[in-house]
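Asker: Here is a sequence together with a model predicted from it:
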Amino acid sequence: MFLRVCAFTISTLFAAPVAAQCLGESYFDTMSAAQRAALDAQVADMPYAEGLTYEATRGDDRLVIVGTMHIYDPRLEIIRARIIEEVRNADLVMLEATAKEEQQLQEMISRNPELIFIVDGPTLPERLDEETWQMILAAAAERNIPSFMAAKMQPWYLSLMIAIPTCAMGDMLNGAQGLDKMIAADARAAGVPRQAVEPYTTLFSLFEDAPVEEQIDMLRVNMLSPDLQRGMFVAMLDRYFAEDVGRLWEMGRIAMADLPNVSPEEGMAMFDEMEESLLKTRNRNWIPVITEATEAYDNIVVAVGAGHLIGQEGVLQLLENEGWQITRFP
């Protein structure tokens with residue numbers, strides 16, 4: 001169940017690298033009056049539902065906290081310019097992963113190809129009915145994934161590939177960078193040290209330990225219509241650049257009702273499970289890491305996915321609970 005909603009959320013909340021290629025009708029514009037009312041109610045009292053950049057102070061310590069988007073859009077340059085001097089003048093920049101963690105992950109996969117590829121036992125076409133496999137094969141082909149590779153990929157890994165709409169693949173394959181990578185590059189150019197807020201295996205472990213049956217369910221969920229994927233991307237882009245992160249996130253929760261063969265009750269349970277694992281637990285784990293960093297550094301930039309900032313168990317509220325004074329920045 002967790003993987004199924006993770007797949008949908010990834011396809012919903014990752015941004016298109018070239019906005020012009022992912023234009024069209026926004027999912028937000030297709031929501032019913034009841035859905036919009038529910039969305040308004042969900043964000044009405046949500047802490048820090050709006051904003052992408054914040055300042056937190058406690059004693060002599062200062063944090064600049066940035067809600068990032070992990071995939072490129074040209075409008076990210078505006079946010080980058082807003083914070084570049086903070087990055088250059090920081091004592092430390094903290095990210096979900098630095099180049100060091102990315103290299104460690106690549107080395108781990110090189111040593112253990114079975115982490116993302118099926119090296120023993122039945123391949124995907126042997127596990128799936130023909131109709132489902134042909135649908136998956138077509139989706140993989142649209143994303144330039146050869147059939148022989150798709151057949152040997154672990155289901156969870158192929159799911160993440162298929163979760164990205166075709167309109168978003170171009171610059172991603174060409175190495176275009178999201179805001180987190182931009183910040184890391186600016187820090188590196190200024191000689192500012194970088195540190196990850198979590199081990200490099202954290203997200204990987206959320207997926208690889210799931211039963212194969214659940215991983216295959218994840219694949220089936222990703223057989224969404226291209227129009228729905230595009231609509232969710234358009235809506236996500238609109239809300240992110242409007243700095244309306246709370247609505248961005250809660251819109252994904254409401255959209256669970258549009259998943260095929262999933263009841264609204266099951267959809268909500270799935271979303272709650274994903275939110276706990278993908279956001280809340282990680283947020284709670286990050287606070288001691290950030291706190292420890294302030295013992296050595298007074299001026300820190302913390303750049304993490306925008307969804308981590310919002311809500312009662314978002315990074316900002318958790319810091320406020322620890323005595324930090326939080327203000328919108330700049």
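Answerer: Good, I have the coordinates. Numbers count the residues shown, from 1 in each chain.
Asker: Please make it C-alpha for all contacts and neighbour counts, starting now.
Answerer: Will do.
Asker: which stretches of this structure form strands?
Answerer: Counting by DSSP state E, the chain has strands at residues 53-58, 61-68, 92-95, 194-196, 299-305, 325-328.
Asker: would a markdown table of those with mean pLDDT be doable?
Answerer: Compiled in a markdown table, the strands of the chain are given as follows (pLDDT from 0 to 100):
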| stretch | mean pLDDT |
| --- | --- |
| strand 53-58 | 99 |
| strand 61-68 | 98 |
| strand 92-95 | 99 |
| strand 194-196 | 98 |
| strand 299-305 | 98 |
| strand 325-328 | 98 |
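Asker: do you know which of those lies nearest Glu266?
Answerer: Of all these, it is strand 299-305 that lies closest to Glu266, at 26.0 Å by CA to CA.
Asker: show me what contacts Tyr54?
Answerer: Tyr54 makes contact with Val64, Ile65, Val66, Ile326, Thr327, Arg328, Phe329, Pro330, according to CA atoms under 8 Å, 6 or more residues apart in numbering.
Asker: which among those end up buried?
Answerer: Buried positions within the contacts of Tyr54, assessed by neighbour count (16 or more other CA atoms under 10 Å), are Val64, Ile65, Val66, Ile326.
Asker: Point out where the stretch 51-200 of the chain drops to low pLDDT.
Answerer: Applying pLDDT under 70 to the stretch 51-200 of the chain picks out residues 168, 171-173.
Asker: what about 50?
Answerer: Applying pLDDT under 50 to the stretch 51-200 of the chain flags no residue at all.
Asker: show me where it has helices.
Answerer: Along the stretch 51-200 of the chain, counting by DSSP state H, counting those that start in this stretch, helices occupy 76-88, 99-111, 124-127, 130-142, 147-152, 155-162, 169-173, 179-189.
Asker: Can you say which of the ones you listed is packed in most?
Answerer: Mean neighbours per residue, mean count of other CA atoms under 10 Å, is largest over the helices of the stretch 51-200 of the chain for helix 155-162, with a mean of 23.
Asker: relative to helix 130-142, how tilted is it?
Answerer: Interaxial angle, helix 155-162 versus helix 130-142 (axes from the mean of the first three to the mean of the last three CA atoms, to 10 degrees): 50 degrees.
Asker: Kindly reformat the helices of the stretch 51-200 of the chain as CSV containing distance to Leu237.
Answerer: Below are the helices of the stretch 51-200 of the chain laid out as CSV (distance: least, CA to CA, whole Å):
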stretch, distance to Leu237
helix 76-88, 11
helix 99-111, 26
helix 124-127, 33
helix 130-142, 22
helix 147-152, 29
helix 155-162, 19
helix 169-173, 15
helix 179-189, 14
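Asker: how about those helices, which one is nearest Tyr240?
Answerer: Shortest distance between Tyr240 and those, using CA to CA, is found for helix 76-88: 10.1 Å.
Asker: now that closest one and helix 179-189, what's the angle there?
Answerer: On the basis of the same axes, to 10 degrees, helix 76-88 is oriented at 40 degrees to helix 179-189.
Asker: Not counting residues beside it along the chain, what's closest to Leu23?
Answerer: Val234 (6.1 Å; CA to CA, 6 or more residues apart in numbering).
Asker: burial measure for the one you found, as a count.
Answerer: 24 (other CA atoms under 10 Å).
Asker: in the chain, which helix has the most residues?
Answerer: Counting residues, the longest helix found in the chain (DSSP state H) is helix 226-241.
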